[in-house]
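Colleague: Return a 3D structure for these sequence lines:
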Amino acid sequence: MHTVKRKQLALQLFIGLFQLFHLTDKGYASPVTIPVTLTTTLGDVVGVRQTTGATPVDTFYGIPFAQPPVGSMRFKPPVAAEPWDGAKCGLEKPNSCWQVVDTYFDNFRGANMWNPNTPRSEDCLYLNVWRPACDSGCQPKTIMVWIFGGGFFAGTSTLDVYNAAQLAARNDVIVVSFGYRVGIFGFLYLGNDSAPGNAGLLDQVMALKWVKDNAVNLGGSPDNITIFGESAGAVSVGFHLLSPLSKDLFKYAIMQSASPLAFWSLQDVEFARSRARKLAKDLSCNLESASDVLTCLQAVSAEKIINRTYEYNTEPFIDVAFGPVIDGNFLTDNPVSIIKRGEAKKTRVILGVNKNEGYYFEVYAHKDIFDPLNKNGTISETDYQTILNYLFNNDTSVIQEVKQKYPVDSNNSFSTNIDSITGDMFFKCPVVDFAELYSRHSDAVYMYSFEHRTSQTPWPEWMGVLHGYEIEVIFGLPLAAGSNYTEAEKGLSSLMMKLWTDFAKTGKPSPTDEDQWPEYKPDVQAYVVIDIDGPRTDHKLRDDQCPFMVNNAEETRNTTSSRSLENDSINSNPVLVLDVNESQNRSRNFSSELFTQENNENNSSQMFNYTLPSQEYNSSDPVKTNTNQNSGDITSLYAHEKIEDNSSQVLNNTLSNQENTSSGPMQRNTYQNDGDDLSQLFTQESHENASSQLLYNTLPIHEYSSNFSSPGITDNQENIENALSYLVDDIQGNIGNVSNQELPNTQLNQENSNVV
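Modeller: Numbers count the residues shown, from 1 in each chain. Next up, the predicted model:
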């Protein structure tokens with residue numbers, strides 16, 4: 001007892017000294033004067049009460065919600081934190097999870113502001129809490145949980161731009177943020193229980209569970225929690241709407257500048273596994289089994305792993321080296337199918353975009369052309385053509401269509417068109433697509449376009465309203481003491497904070513008492529433009545461009561995956577995946593005819609064309625689907641092909657006007673959880689017959705189907721054996737040669753025997 005009391009007295013003394021020397025936070029003129037204690041389900045945390053305007057805010061940093069995922073726990077799903085005695089100190093920001101630091105623009109503030117501002121460590125699963133001070137007679141408050149972005153390979157909850165003191169104080173809400181593993185530490189996929197993928201998303205689930213379990217202790221309501229995030233954080237929010245593990249842990253959702261329909265949001269499991277194999281090989285690990293690989297990778301230093309995986313980001317703004325997969329656990333299917341089957345959370349959502357989503361990524365991808373620190377943003381027609389060739393794989397017919405959809409005229413320069421094309425492809429159109437689809441299966445959708453460039457934006461003016469630069473306005477940075485924002489920007493910040501928090505409290509954002517933010521409906525497609533002059537209503541955001549862009553974005557995904565695999569320089573296990581993106585066939589009105597699932601019960605011929613730029617994929621095979629599922633699911637055509645006899649299978653991947661022909665019946669498989677070990681479903685599948693496999697890869701790029709496919713996910717357990725991924729290990733020879741190998745009949749069913 002005396003020992004505990006001495007520790008508490010020492011902690012109080014430390015708090016006093018900390019207040020005196022350190023806690024005059026940037027943007028806050030008055031030092032903190034009062035220590036406060038938060039009692040959680042696991043133990044007490046001592047934080048500080050900070051004066052922010054008229055309302056004091058209690059701030060608690062570094063509350064553990066999971067055990068440190070280190071040593072043998074590296075890559076594995078998180079384990080809940082253990083209770084502690086006494087009181088933990090919640091005064092300093094917690095570690096950032098291991099990631100690469102962006103040095104692309106040296107010490108430029110516009111890039112550095114997104115870099116980790118606390119030490120990088122695997123011990124990084126902590127929460128931060130901001131709550132309006134209240135000592136007695138307090139009513140339960142709305143809780144808002146922030147999920148940071150960073151492409152699933154970077155980001156941290158501790159950035160200055162995520163300081164939620166203003167948001168909490170001025171709008172009477174509790175704000176929580178947390179760390180989650182990114183990059184390989186959060187998304188290594190080996191296809192077994194020890195590295196099932198999506199560990200970073202499972203970190204998020206555990207954090208959301210902690211918030212719900214501790215809502216009352218925080219002073220909030222467990223029934224009124226809103227999650228919000230930006231970029232990869234918005235994709236994460238969208239995933240939580242879809243996941244059976246998390247969709248009951250919150251009430252409303254806000255998605256800023258991304259959606260789960262972005263082609264970069266998910267990786268094909270075979271692509272993910274090939275990356276894991278490459279890393280293991282590069283680090284001299286034994287590739288005999290998943291267990292060997294895991295043990296080896298757990299023994300390598302985090303810094304060495306990070307330095308090695310940095311080389312895998314071969315595409316500066318497309319390639320996510322290690323990202324989310326459809327694992328059959330957190331994500332049971334592709335997002336479109338989950339929504340269309342009515343399995344997504346039915347709730348209210350805000351989602352939107354910024355005016356200039358593309359520039360930020362183009363200055364990284366084509367620094368030689370744009371160089372924001374030394375050039376004025378003007379590019380030549382030659383530069384324009386170079387970027388289009390890169391984006392659309394040198395396909396002249398598609399590029400010609402792009403030029404028609406994005407004409408260069410008095411209103412649009414070569415430069416602004418590149419911003420529009422990139423922004424539409426990676427961010428805006430996936431958001432619009434999600435709004436159209438989800439609005440048919442939800443309570444309400446509200447869409448916005450943020451179109452004010454703040455006076456404190458560090459990037460050059462020609463880059464406009466960049467990706468990520470609405471965050472400072474939503475978190476109230478213009479209202480912090482000592483800020484240099486204009487008075488109009490302070491008003492804009494107050495407005496956006498009110499919109500976001502009104503929505504979190506009631507499910508309805510209201511710009512003013514008189515005006516209402518109209519719901520987004522597929523037939524009207526209303527959205528609100530948020531600008532310095534106040535909100536205004538508009539309709540059909542990017543309606544002329546998005547149908548075309550949706551139809552062509554997947555080719556960019558496939559091209560990127562192909563480049564990445566080509567650059568991986570490893571003879572990884574190739575897989576035959578027929579990959580048909582529903583959005584390829586979807587018009588803007590989402591007509592029911594285009595959502596029809598093809599169901600062929602006999603051996604009649606099924607013909608469909610999957611038209612990509614300069615490439616056509618024809619199949620004359622019967623397509624078997626699960627007739628018990630919603631008949632409006634074209635994604636039944638995502639399938640793995642099984643060779644039933646001693647026939648040959650040809651995968652002919654080309655870039656220029658070549659025809660890919662595939663023979664053999666296809667079986668679509670959808671996992672239904674019956675409690676069995678999921679690791680059984682993510683291993684090399686057995687091959688029943690001595691079939692031969694022809695792999696024909698031609699330079700310069702071997703096309704790799706990588707959209708939302710999940711090998712081994714079956715309609716029922718009897719059909720598991722039919723879900724085949726033809727994984728051929730260590731194929732020798734040059735690309736372009738034909739490899740004809742017999743595939744071994746290998747049944748792998750335990751973690752220590754899972755071939756990676």
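Colleague: so where does Pro83 fall, helix or strand?
Modeller: Assigned by DSSP states H and E, Pro83 falls within no helix or strand.
Colleague: Grab the nearest non-local neighbour of it.
Modeller: Computed as Cβ to Cβ, 6 or more residues apart in numbering, the closest residue to Pro83 that is not its neighbour in sequence is Leu42, at 4.7 Å. (C-beta placed from N, C-alpha, C; glycine too.)
Colleague: how about the strands of the stretch 451-600 of the chain, start to end?
Modeller: Counting by DSSP state E, counting those that start in this stretch, the stretch 451-600 of the chain has strands at residues 526-530, 536-539, 577-578.
Colleague: just flag whichever of these has the lowest average confidence.
Modeller: For these, mean pLDDT drops lowest on strand 577-578, to a mean of 25.
Colleague: So what's the residue count around the residue nearest to Val176 when sequence neighbours are not counted?
Modeller: Closest residue in space to Val176, ignoring its immediate chain neighbours: Val145 at 4.8 Å, by Cβ to Cβ, 6+ apart. By other Cβ atoms under 10 Å, 26 other residues sit near Val145.
Colleague: And the pLDDT at Val145?
Modeller: 99.
Colleague: Next: Phe450.
Modeller: According to the prediction, Phe450 has pLDDT 99.
Colleague: Okay, and the beta partners of it?
Modeller: Using DSSP bridges, the bridge partners assigned to Phe450 are Asn354, Ile530.
Colleague: Surely it touches Val353?
Modeller: Yes. If you go by Cβ atoms under 8 Å, Phe450 and Val353 touch, sitting 7.3 Å apart.
Colleague: out of these two, which sits in the more crowded spot?
Modeller: Neighbours per residue (other Cβ under 10 Å) separate Phe450 from Val353, with Val353 holding more: 31 against 22.
Colleague: Would you map out the domains in this protein?
Modeller: Structural domains annotated on the chain: 2-267+320-345, 351-541, 574-753, as defined by automatic domain parsing.
Colleague: tell me the contacts of Leu242?
Modeller: Residues near Leu242 by Cβ atoms under 8 Å, 6 or more residues apart in numbering: Pro260, Leu331, Pro335, Ile338, Ile339, Glu343, Ala344, Lys345.
Colleague: And for the closest residue to it other than its chain neighbours, the neighbour number?
Modeller: Of all residues not flanking Leu242 in the chain, Ile338 sits nearest, at 4.6 Å (Cβ to Cβ, 6+ apart). Counted with other Cβ under 10 Å, residues neighbouring Ile338 total 24.
Colleague: got a pLDDT number for Ile338?
Modeller: So, for Ile338, pLDDT stands at 98.
Colleague: swap in Glu555?
Modeller: pLDDT, read off for Glu555, is 59.
Colleague: do Gln658 as well
Modeller: Confidence score, pLDDT, at Gln658: 36.
Colleague: Now for this protein, the helix or strand with the poorest mean pLDDT.
Modeller: Using mean pLDDT, DSSP states H and E, strand 577-578 stands out as the lowest-scoring helix or strand of the chain, at a mean of 25.
Colleague: which regions of the stretch 251-400 of the chain sit below the pLDDT cut-off?
Modeller: 313-319 (pLDDT under 70).
Colleague: all helices for it, in order.
Modeller: 269-282, 290-299, 302-309, 335-340, 359-365, 367-370, 381-391, 396-405 (DSSP state H, counting those that start in this stretch).
Colleague: Also the stretch 401-550 of the chain?
Modeller: Counting by DSSP H, counting those that start in this stretch, the helices of the stretch 401-550 of the chain are 414-423, 429-438, 471-474, 487-506, 546-568.
Colleague: Then the stretch 51-200 of the chain?
Modeller: 109-112, 165-171, 183-187, 199-213.
Colleague: Can you pull out the low-pLDDT segments for the chain?
Modeller: 1-33, 52-53, 313-319, 511-514, 553-756.
Colleague: burial of Pro68, as a residue count?
Modeller: 18.
Colleague: and it, what is it in contact with?
Modeller: Neighbours of Pro68 in contact, by Cβ under 8 Å, 6+ apart: Glu122, Asp123, Cys124, Leu125.
Colleague: returning to that earlier point: enumerate the beta-bridge partners assigned to the residue nearest to Val176.
Modeller: Counting by DSSP bridges, Val145 is bridged to Val176, Ile227.
Colleague: Distance-wise, check it relative to Gly220.
Modeller: 10 Å (Cβ to Cβ, to the nearest Å).
Colleague: What of Ala299?
Modeller: 42 Å.
Colleague: So which of those two has more stuff around it?
Modeller: Higher neighbour count among Ala299 and Gly220: Gly220, with 25 against 12, using other Cβ under 10 Å.
Colleague: Checking the residue nearest to Pro83 next. Helix, strand or coil?
Modeller: Following DSSP: H, G, I helix; E, B strand; the rest coil, Leu42 is assigned to coil.
Colleague: Just give the number of residues close to it.
Modeller: Leu42 - counted by other Cβ under 10 Å - has 18 other residues nearby.
Colleague: State the distance from it to Pro69.
Modeller: According to Cβ to Cβ, Leu42 stands 17 Å off from Pro69.
Colleague: again with Pro324
Modeller: According to Cβ to Cβ, Pro324 and Pro69 sit 17 Å apart.
Colleague: More neighbours: these two, which one.
Modeller: Pro324 (26 against 23).
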